[in-house]
Structures are given as structure tokens and as C-alpha cells.
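K.L.:
Provided below for reference: sequence and predicted model.
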Amino acid sequence: MRFRLPLAAVLLLGFLIIPQPVQAEDVSNSASFIYTDSASRSLAPYEPAEITIGLLGDNGRPLSDPPAGKLYFWVTDPDGTVPLQSMELVPRSIEEGLYVHSGSGAPGVFIADGPGFQRQRTFKVRFTQAGSYLLKGVFIPAGARFNPAEMALYDAQSFNATGPKARTLTVGTAIVSDVAFMRISPSIKGVELKGLTVQPPRAHTEKDVHIPVHQDGQTPTILTLHLYRSNGAGIGAGVPVYITSNAPGIRLASDSVMTDDNGMATVRLSGKADGKGLLGIRLNRKDEPVLIPLSAYSYSPQTVRLSIGNLVMDVDGRSVYMDEPPLVKDGRTYVPYRAIGEILGAEINYNHNIRTITTKFNNKIITMTLGYDHYAIDNKVIQMDARPFISKNGRTMVPIRFMADATGYAVRPVYGDRGRTTGVIFTKK
């Protein structure tokens, strides 16, 4: 399981002592060893940490001349197993004189050019999984042969405090107390609505903000919760989020969710808000919750733009995905009825037995039966210029003129080269 976590903290300070001499043909017997003057410590998965490494001569002093060779360093489990790619560079972009071994046999080995170590250097790394690790390394003089894919065979030394005693680095899991604030991003029908930041994530009532709930009673509000540490890094996976509501008309898909690798969790709710209800969010069942008011969702876009054959529509400048694209058939432009109607604010229901679609929009009732070229608005029958049909994907496709009459939006085709229809624009009157 992966975890996402905070930023910066010094991890280990190490110096690699280079013996004199080192034979190129017998690197494994090198007396080189690495030590650190800091104690072992715990990190959280993905928590950036700094490694400072320097090279000393056998007299214990910094080298006067840049050494010709390369430093290889990596991590192992306490039993010596090499967990490939458990340690990553931060950022992943290549730094001057430092790169990752490109061979498929050793993707977790870092290589640094010796001349860069005339003075100590600091690298920022992070560990991707929980566990205990030993940081190891070896300096290979120029001309010596070393295969990183066989690094376990070499007498690489652990980063130690005062000598050969190995120090263990423990990477633990994220805990609830690490959460400093959360960002809540609501969306309805694929439209992202105004988000809010909750800080602290416990024991208070939010004011001047709200969570919208669609008043058809069925359409869910999807809340994306992103939990952060105080330094702005994601909290990581495994943090529970508990959800409650005191509003009798609100339904929760679940009363608890868990954060993923990115520190994100998804909450779904539906029903009808009465203007008095509150949504409660807590990260610990014993904590007092954060309370956020619930409000009725009322949004009708000003402009919706569609392109023929494209699954993405532009809703007031925001991209919203459909499961069926607009198309041209027999000289008529058709659009997916439910996808467009719901974006415009309509409540749509389909009766499979009589193949009839009933739509509620702006206090009007629109009925339409598949296979017929007419429909009714408040029982007034109106002729269509083309019949609706069911697409291969099972979606109801209707002519744009019908959409204009049913929703009250102005509809304008967009023409391209040679007068071909390339798109449709719906504009609120």
C-alpha cells in the first residue's frame, strides 16, 4: 500500500571513507564504509527527507582533489533484500551529477559522480512504502568494474552512527493527528462547484460556505476530500473519514470512507436540503465533527458548447464528459437527451414499459415516446422535425430543435467548411 506525506526533514548525514588503495579487480573486499552522526528516525511514506553525503580520505579529512569514480547508494530491507524503487529522488528530474541506474535489473540504485563529492552534497529522497530500510552505498574508483544489478554481492556498507553498527530507517503509516486541513471539492452532474477549505479539520461549524444538494432527490453530490499535512503535502492512504448528517432528507452512500494513496477520499450524498441540515465530517470517531451547512442546488448554465463526435462539452468554460457524442444523421443534428437535459437543470425519467420519457423542467412537464415524431409540453402536443432514436450504446438521441423547445434555451448550430455542422451552442435566454 502506498502513502502520501509531508515535506522536508533531515534524514541522515553520512560520510564515505575511501581507503588507499582500492584494487579495481577486487571492489568487494574494499574497506570503505559509510557512517552517519545522526540517530535512526521514523518517516511517513512519501515524506521528503534529505541525505547529506561526503567523501573523506583515510585520514578522516576531506579530499583535496576530486576523486575519480562513482558513488552508488540504495536501500535494502533489514534482511538484505533489495526492495527495488523503494527510494525515489525528489524531484524526479535529473540533478547535475546524480542519476538513477537505467538498467532494468537495478532501477532503485542512484549513481553520483565522484568529482561532485569534493565537498559534501545533499540529496532529497523519499520512500514509497512503509517498512524498515538500511541505506547502503559504495564508492567505486575509476576503472573498477561494478554491476548495480548485482549490488547485493558487494561489500557495501550501511550508513552507521559511529561504525559498523547498522542504523534502521523506519517508514511508518500516516496517522489522523497528522491532518492539518482538508480541501472539499463538490460536483454535481460532472460540473465542479465552488470548493472550500476546512481548517482545523475538527470541532467547529463552517460559516458562509455550504455544500449543494440537487433538489430532484436523486442526483448525487460528489465530494472529493483531499487531506493535507501542515506543510501542504498530501496525507497519504489509510486515514478514515466518518460522515454524518442531521438532515432527514439526506442520504449518504456510506458513513465512512478511506483516503487513497494521494490522501483523497470520495463522499456521495443525495436527497433534498431544507436549509437547516448539516453535514458532519470527522477523522476520529471520538472527535467533535466539522459541521457544514447543506443547501439546495440551483444552477443553470449560461452557455453549453458541443462538438460533433466529441464526448466533452464546455459548460460555462468547464469541461464535462458525456457517454455519447452529438452526431448528424439524415441531415439532422442529434444530441444525447439525458446528458444535455440534466446539465441544463432538467429532471428526466424513462418508463421502459411504454418507452416514454417524462421530463420536469422549469415547472413544465414534457413527455416524449420513442418512435413517434411528436411530444407534449403540459399536455399540448407539438410536432417534431425528426424522430428521436436509441443509439448503439443505449442512449436516447433527440433533435436539437426539440431540446430548444423543451428547455427554453436558444440553440444555434455551428458550421464549418462547406457548410457542415461541426457543433451546437445552447444559450440561456
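P.N.:
In hand now; what should we look at? All figures in this text were calculated on a predicted structure; none of them were measured in a lab.
K.L.:
all contacts plus neighbour counts: C-alpha atoms, from now on.
P.N.:
Will do.
K.L.:
Residue 143: how many residues sit nearby?
P.N.:
11 (other C-alpha atoms under 10 Å).
K.L.:
what about it, distance to residue 112?
P.N.:
Distance, residue 143 to residue 112, by C-alpha to C-alpha, to the nearest Å: 15 Å.
K.L.:
what's the answer for residue 338, then?
P.N.:
58 Å.
K.L.:
ditto for residue 262
P.N.:
Distance from residue 262 to residue 112, by C-alpha to C-alpha: 30 Å.
K.L.:
Any stretches of the stretch 251-400 of the chain with poor pLDDT?
P.N.:
Applying pLDDT under 70 to the stretch 251-400 of the chain flags the ranges 298-299.
K.L.:
List the residues that contact the residue lying closest to residue 390 once chain neighbours are set aside.
P.N.:
Spatial nearest neighbour of residue 390, chain neighbours left out: residue 396 (4.7 Å); criterion: C-alpha to C-alpha, 6 or more residues apart in numbering. By C-alpha atoms under 8 Å, 6 or more residues apart in numbering, residue 396 lies in contact with 336, 337, 338, 388, 389, 390.
K.L.:
Can you say which of the residues you listed are buried?
P.N.:
336, 337, 338, 388, 389 (16 or more other C-alpha atoms under 10 Å).
K.L.:
Okay, and which of the residues you listed map to strands?
P.N.:
336, 389 (DSSP state E).
K.L.:
In JSON lines, list the buried ones among the contacts of residue 396 along with distance to residue 200.
P.N.:
Output for these, formatted as JSON lines (distance: C-alpha to C-alpha, whole Å):
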{"residue": "336", "distance to residue 200": "43"}
{"residue": "337", "distance to residue 200": "43"}
{"residue": "338", "distance to residue 200": "40"}
{"residue": "388", "distance to residue 200": "52"}
{"residue": "389", "distance to residue 200": "52"}
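K.L.:
Just the closest of the buried ones among the contacts of residue 396 to residue 277, please.
P.N.:
residue 338 (29.4 Å; C-alpha to C-alpha).
K.L.:
wait, that closest one sits on residue 348?
P.N.:
Yes - the criterion here is C-alpha atoms under 8 Å, and residue 338 meets it with residue 348 at 6.7 Å.
K.L.:
what touches both of those two?
P.N.:
Contacts common to residue 338 and residue 348, judged by C-alpha under 8 Å, 6+ apart, are absent.
K.L.:
Where is the longest strand in this protein?
P.N.:
If you go by DSSP E, the chain has its longest strand at strand 131-141.
K.L.:
Could you pull up the mean pLDDT of that one?
P.N.:
Mean pLDDT, strand 131-141: 71.
K.L.:
helices or strands up against that strand?
P.N.:
strand 33-36, strand 69-76, strand 157-158, strand 169-171 (3 or more C-alpha pairs under 8 Å, 6 or more residues apart in numbering; DSSP states H and E).
K.L.:
the inter-axis angle of the second one versus strand 131-141?
P.N.:
Yep, that's strand 69-76 we're talking about. 160 degrees (axes from the mean of the first three to the mean of the last three C-alpha atoms, to 10 degrees).
K.L.:
Who are the packing partners of strand 69-76?
P.N.:
Helices and strands touching strand 69-76, by 3+ C-alpha pairs under 8 Å, 6+ apart, are strand 110-113, strand 131-141.
K.L.:
To residue 268, which of the ones you listed lies closest?
P.N.:
Using C-alpha to C-alpha, the helices and strands packed on strand 69-76 put strand 131-141 closest to residue 268, at 33.5 Å.
K.L.:
Partner strands of the closest one and their direction?
P.N.:
Strand 131-141 sits in its sheet next to strand 69-76 (antiparallel), strand 157-158 (antiparallel), strand 169-171 (antiparallel), going by DSSP bridges.
K.L.:
Just the C-alphas of the longest one, formatted as CSV.
P.N.:
Once non-C-alpha atoms are left out, strand 69-76 reads as follows in CSV (Å, rounded to 0.1, in the frame of the first residue of the first chain):
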residue,chain,number,x,y,z
GLY,A,69,35.0,7.3,-9.7
LYS,A,70,31.3,7.0,-8.8
LEU,A,71,29.2,6.6,-5.7
TYR,A,72,26.4,4.1,-5.7
PHE,A,73,23.7,4.2,-3.0
TRP,A,74,20.4,2.3,-2.5
VAL,A,75,18.3,0.8,0.3
THR,A,76,17.7,-2.7,1.5
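K.L.:
Need the contact partners of the helix or strand where residue 341 lies.
P.N.:
Using DSSP states H and E, the element containing residue 341 is helix 337-343. Helix 337-343 is contacted from outside by 189, 300-301, 322-323, 347-348, 395-398, 403, 407, using C-alpha under 8 Å, 6+ apart.
K.L.:
if we take those, which one ends up nearest to residue 232?
P.N.:
Among the contacts of helix 337-343, and counting by C-alpha to C-alpha, the member closest to residue 232 is residue 189, at 29.2 Å.
K.L.:
number of nearby residues for that closest one?
P.N.:
Using other C-alpha under 10 Å as the criterion, the residues surrounding residue 189 number 17.
K.L.:
Once you drop chain neighbours, what's closest to it?
P.N.:
Per C-alpha to C-alpha, 6+ apart, closest to residue 189 is residue 343, 6.6 Å.
K.L.:
try residue 205
P.N.:
Nearest residue to residue 205 in three dimensions, chain neighbours excluded: residue 291, at 4.5 Å (C-alpha to C-alpha, 6+ apart).
K.L.:
was I right about that neighbour contacting residue 206?
P.N.:
Yes - proximity of residue 291 to residue 206 meets the contact threshold set by C-alpha under 8 Å, at 6.1 Å.
K.L.:
what about the two, which has more around it?
P.N.:
The residue with more neighbours, out of residue 291 and residue 206, is residue 291; 24 against 16, by other C-alpha under 10 Å.
K.L.:
Helix or strand: which one has the more buried one?
P.N.:
Residue 291 is part of strand 290-297, with elements assigned from DSSP H and E.
K.L.:
Alpha carbons of that strand, as CSV, please.
P.N.:
What follows is strand 290-297 as a C-alpha-only set of coordinates in CSV (Å, rounded to 0.1, in the frame of the first residue of the first chain):
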residue,chain,number,x,y,z
VAL,A,290,-16.7,19.7,11.4
LEU,A,291,-20.3,20.8,10.6
ILE,A,292,-21.0,22.2,7.1
PRO,A,293,-24.4,23.6,6.1
LEU,A,294,-26.3,21.9,3.3
SER,A,295,-28.2,24.0,0.7
ALA,A,296,-30.4,23.4,-2.3
TYR,A,297,-28.5,23.3,-5.6
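K.L.:
what's downstream of it, the next helix or strand?
P.N.:
Taking DSSP H and E, what comes next after strand 290-297 is strand 303-307.
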